[in-house]
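Participant: Need a 3D model of the sequence below.
(chains A and B)
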Amino acid sequence: MASLRSFLRSGKNAVSAVLRREFHGTPPAAVQVTVRDALNQALDEELERDERVFLLGEEVAQYDGAYKVSRGLWKKYGDKRIIDTPITEMGFAGIAVGAAMAGLRPICEFMTFNFSMQAIDQVINSAAKTYYMSAGLQPVPIVFRGPNGASAGVAAQHSQCFAAWYGHCPGLKVVSPWSAEDAKGLLKSAIRDDNPVVFLENELMYGVPFEMSEEAQSKDFLLPIGKAKIERQGNHVTLVSHSRMVSLCLDAAAVLAKEGIECEVINMRTIRPLDAEAIETSVMKTNHLITVEGGWPQFGVGAEILARIMEGKDFFICF
Amino acid sequence: MTLSSRGRAVWDFHRQEQTRDTHALDVKMAAARGVKKLYGIGLHAIRQNASLKATTFLQQRAFRVNGALRQQPFDSSAEKPQFPGASAEFIDHLEFIQPNVISGIPVYRVMDRQGQIINPSEDPKLSKEMVLNFYQKMTLLNTMDRILYESQRQGRISFYMTNYGEEGTHIGSAAALEPTDLVFGQYREAGVLMYRGFPLDLFMAQCYANADDLGKGRQMPVHYGCKDLNFVTISSPLATQLPQAAGAAYAVKRENSNRVVVCYFGEGAASEGDAHAGFNFSATLECPLIFFCRNNGYAISTPTNEQYRGDGIAARGPGYGLMSIRVDGNDVFAVYNATKEARRRAVAENQPFLIEAMTYRIGHHSTSDDSSAYRSVDEVNYWDKQDHPISRLRHYMTARDWWGEDEEKAWRKQSRKLVMEAFERAERRLKPNPELLFTDVYDEMIPPIAKQRDAMWRHIQQYKEHYPLDLYEK
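Facilitator: Model (predicted):
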């Protein structure tokens, strides 16, 4: 029912957009939007759309969020929808999971995912596994979000990338956006998804502006979870990455292009479920693969991608 | 087991105070008999305990067996509850216990806000030399904070947290401890380290992450650590130090030495689940531990009325079986007295203490915060001008002619000079050798890490024009 409604809604928007376009006769207007503002828009739109959605975490309300991602939301929606919590990750993650079990749709913000370690039992044993263990009786429609990975000079306890840790667990969906469009479309999809979703942002990306198409600016712009995007086409080598490292790959591709090497840069967008097909298709074309990530190599995202490629049916055809 | 096997002085003290200890001892004899029939394992332990008669007082006191001994002897004929979970009387009418927030646990203080002693018998009557040292350490800390906050604003260091308004809690408590006492901090206790003699150069070295840093440049600023001064390296995740302190105190108890563990934390961190574990375990393990809570009114922007609804942190102590007290954290003598007595008893009786020091965070949470967004300038000014630990101590000193305008001027000049000189030295100092990126992951460097290190050096050699090696120690 929900999917039919959203289909109709998007259909209506598409029609009105086309009509508008024909009427005015000008090309669609793109704007520069920072990742922070894109996340803010996604939160705002989803809070407006569904009364059951609410945000909780440390400093999210009057303070506008530790990184200002929830700027203006408390002012607009008040105490009932934007909730400041006492300092206990285990506590408020538990509260969020409980609220999800009782029918609300919480967005639980961790000041950084490093501190989600203090709540990991609630995320894994309570959020991720419950739908399965309750035989489908108890869904947990929750989004855990916050900055992940390295920032600038904040030392080991503020810099770890948790993509591999959360990506390991069945029951969770794990998303890692890069651009403003990714941030908005994927956060909206995550909030509308009935599964527990771990949404890994990046502090250094918050202030980076990206061009956002008119389509992306719409209130119903959704990106599918589980589908990677090819940010740059190329024939010689495939670079696979997620989050901030996609920028690094594109920078490297620009340098290599001057030497005549054309890189195909894949933005994973989702860690779990992994879009192995997109990567395989690219590697079939280029026969060269480099994975780039902010996490440690051992048991990491790249290790999994390499294993999948090597175990794939087409691996030996490459040679 | 007889009374004569216990230290007489402690026993007399207990008898007056009717602590749990007294009660436990009273019933121990009866318990040994009554409990015998019911607690199989307990019986074995009781027998063992009884046989320790000859051992030292501390050992007997230290290794009391399970709580079963504390319960009254099971006697079903008595009209008292016999539940193992609590000792109590029956009550025949329905009555809820009301949390007492309006007039909660009183705040112990020695000086009024003008630095006058209220009750002369509470004046610790410390020497002029000691009091002057308190004052100088508090003001030196204040000066260092100003310089380093500014240096972050100028982009010289990446981050900083000031201690404005809480200097009294640091100095008062640190002065009451022995240098060998183990300290676990949160992040706003630099004064404790300063009192113990951590030099300005090393504070700066940590903030600048230069080659002199004991932390080898691996931590964010203000994450100090010093093994020689028994100050455990600051760790970022909140409240993890509470159960760690309980465990450390257990280890200290086993040493049977004159040592205590002190654990500092803020009222916000006390909301963490780890705080619950720390409090509970310190009591069940019966450790020589002082929990010192700095209740400064704010956790970043979250005021205390959003952090908790009970009567602060001190009121939680009795719930865990902790001796608890609330003190005026801006009164350095109150902090000193409370910590001194808590320490004496924690060591003598092997039990944990909870001190909640009420104070006010005059500065922002950190350089990443602007507190004018959530509190009024008037509020901050009140604490800065009318109830500041440094001013109150100065009034005490001037009233005794120990300090005046001339001394103040001279000291301000000297302390600023000391800080500026250390600052300039720290700025000029080289950064740590890049080799140190790879050490201390394990006690011995494992081959994969050695390979990464070698790869790094090869890379740097090959592209040396891109790396500012001159800034790093060789």
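
Participant: Which residue is the nearest non-sequential neighbour of residue 112?
Facilitator: No chain was given, so I picked chain A. In space, A:Thr112 comes closest to A:Pro147 once its chain neighbours are excluded; the distance is 5.0 Å by C-beta to C-beta, 6 or more residues apart in numbering or on different chains. Any C-beta I mention is one placed from the backbone N, CA and C, and that applies to glycine too.

Participant: hmm, I had chain B in mind actually
Facilitator: Once flanking residues are discounted, B:Asp112 sits nearest to B:Ile118: 5.8 Å by C-beta to C-beta, 6+ apart.

Participant: Wait, B:Leu182 touches B:Gly247, no?
Facilitator: No. With contacts counted by C-beta atoms under 8 Å, B:Leu182 stays clear of B:Gly247, the gap being 11.1 Å.

Participant: I'd like to know which elements the helix or strand in which A:Thr281 is found is packed against.
Facilitator: In the assignment (DSSP states H and E), A:Thr281 maps to helix A:276-286. Other helices and strands packing on helix A:276-286, by 3 or more C-beta pairs under 8 Å, 6 or more residues apart in numbering or on different chains; DSSP states H and E, are strand A:237-241, strand A:263-267, helix A:301-311.

Participant: by how many degrees do it and helix A:301-311 diverge?
Facilitator: Calculated by axes from the mean of the first three to the mean of the last three C-alpha atoms, to 10 degrees, helix A:276-286 forms an angle of 70 degrees with helix A:301-311.

Participant: now the angle from helix A:276-286 to strand A:237-241?
Facilitator: 160 degrees.

Participant: Mind jotting down where the strands sit in chain A?
Facilitator: Taking DSSP state E as the criterion, chain A contains strands spanning A:31-34, A:53-57, A:82-84, A:105-109, A:143-147, A:173-175, A:197-201, A:209-212, A:229-232, A:237-241, A:263-267, A:270-272, A:289-292.

Participant: So which of those is nearest B:His170?
Facilitator: Closest of the strands of chain A to B:His170 is strand A:82-84, at 28.4 Å (criterion: C-beta to C-beta).

Participant: how close does B:Glu424 sit to A:Ala93?
Facilitator: Taking C-beta to C-beta, to the nearest Å as the measure, B:Glu424 falls 46 Å from A:Ala93.

Participant: give the contact list for the residue in the stretch 1-150 of chain A that chain B sits nearest to.
Facilitator: Relative to chain B, the nearest point of the stretch 1-150 of chain A is A:Pro86 (3.8 Å; C-beta to the nearest C-beta). In this structure, A:Pro86 makes contact with A:Phe92, B:Gly268, B:Ser271, B:Thr302, B:Glu306, B:Gln307, B:Tyr308, judged by C-beta atoms under 8 Å, 6 or more residues apart in numbering or on different chains.

Participant: Mind doing that once more with 7 Å?
Facilitator: A:Pro86 sits next to B:Ser271, B:Gln307, B:Tyr308 when contact means C-beta atoms under 7 Å, 6 or more residues apart in numbering or on different chains.

Participant: now B:Ala334
Facilitator: The contact partners of B:Ala334, taken as C-beta under 7 Å, 6+ apart, are B:Tyr108, B:Arg109, B:Val110, B:Val327, B:Asp328.

Participant: Next, the buried residues of the helix or strand hosting it.
Facilitator: Using DSSP H and E, B:Ala334 sits in helix B:332-349. Using 16 or more other C-beta atoms under 10 Å in any protein chain shown as the test for burial, helix B:332-349 gives B:332-340, B:342-343, B:345-349.

Participant: What is the nearest of the residues you listed to chain A?
Facilitator: Nearest to chain A among those: B:Val335, at 23.8 Å, using C-beta to the nearest C-beta.
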